[in-house]
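> Could you work out the structure for the sequence below:
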Amino acid sequence: RVGGAENFQHCHDCGMCIDKSLYSNHNCKSGKYKSNCPVCQEFLFSSRSASHEMPCGHAIHWECFRQLAAHDSRCPVCKKTAETRERMMPTWNAMAAGVALQPVPPELARVVNITCNDCEQSEDARAWHFLGVQCRNCSSFNTVVDRIIMSGEEAHEFLEALQTRSDLTENNEEGSQRISRRRINRRRSLF
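Sure, this is the predicted structure:
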């Protein structure tokens, strides 16, 4: 590595020298640096260019990562989000706001089954949106449509019925909580 031996510690599992400040938290994966950079295809182990470890554990040249991140926030190997969840949350929140502000016209509505590339959870009967479908489990928009279940007016009516049912469930839960609070307050007043 370039930068002075005193700044790095060798990891025998990864097969690479890692910055001492990052060593205790690095994602150790056997032989990950004994592979080619997924962007430029240069062998990472013998490269003099700085390497970057993505949250998924794959390694890439830092400069290649910067160029990739300018137009895609996913790992080129496994398609998981290449930034931490904390860094992506503002983007995902903005996307969710965009979805809420731009409803899909009824004739373009679709009900889809999705899989999240980040948490690998599948979800059925989700409303498709041209901006993306947000994972309910991890909040990521890094999802893929596995199957289109229905489309057009049929999908629109199904999604409206689903939303109505969800609203009724929420209202019942709120009502139950209010009744429980009243019962607790009544019991307290008896003492």
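> What segments of this protein are strands?
Under the criterion DSSP state E, the chain contains strands at 8-11, 16-19, 51-53, 59-61, 110-116, 122-127, 143-151.
> residues making contact with the third one?
This means strand 51-53. For strand 51-53, contacts defined as C-beta atoms under 8 Å, 6 or more residues apart in numbering pick out Met16, His26, Asn27, Lys32, Tyr33, Cys37, Leu44, Ala59, Ile60, His61, Trp62, Phe65. Using the backbone N, CA and C atoms, a C-beta is placed for each residue, glycine as well.
> follow-up on the earlier one: just name the most buried of the strands of the chain.
Of the strands of the chain, the one with the most neighbours on average (mean count of other C-beta atoms under 10 Å) is strand 59-61, at a mean of 22.
> For it, which strands pair with it and how are they oriented?
Take DSSP bridges as the rule and strand 59-61 pairs in its sheet with strand 51-53 (antiparallel).
> all helices for this protein, in order.
For the chain, the helices defined by DSSP state H occupy 20-23, 62-69, 85-101, 153-190.
> any weak-confidence spans in this structure?
Along the chain, segments meeting pLDDT under 70 span 1-3, 171-191.
> again, only using 90
1-35, 44-59, 68-73, 82-84, 163-191 (pLDDT under 90).
> Give me the most central residue, it.
For the chain, the residue nearest the mean C-alpha position is Ser140 (3.2 Å; C-alpha atoms, centre = their mean).
> Nearest to Lys80, out of the strands of the chain?
strand 110-116 (9.5 Å; C-beta to C-beta).
> can you list contacts of that closest one?
Contacts for strand 110-116 (C-beta under 8 Å, 6+ apart): 104, 121-128, 133, 135, 137-138, 140, 142-151, 155, 158-159.
> Check which residues of stretch 44-54 are buried.
Across stretch 44-54, burial judged by 16 or more other C-beta atoms under 10 Å covers Leu44, Phe45, Ser47, Ser51, His52, Glu53, Met54.
> Return the distance of the second one relative to Cys14.
I take that to be Phe45. Distance, Phe45 to Cys14, by C-beta to C-beta, to the nearest Å: 10 Å.
> what is in contact with these two at once?
Tyr33.
> List the contacts of Asp124.
Per C-beta under 8 Å, 6+ apart, neighbours of Asp124: Asn113, Ile149.
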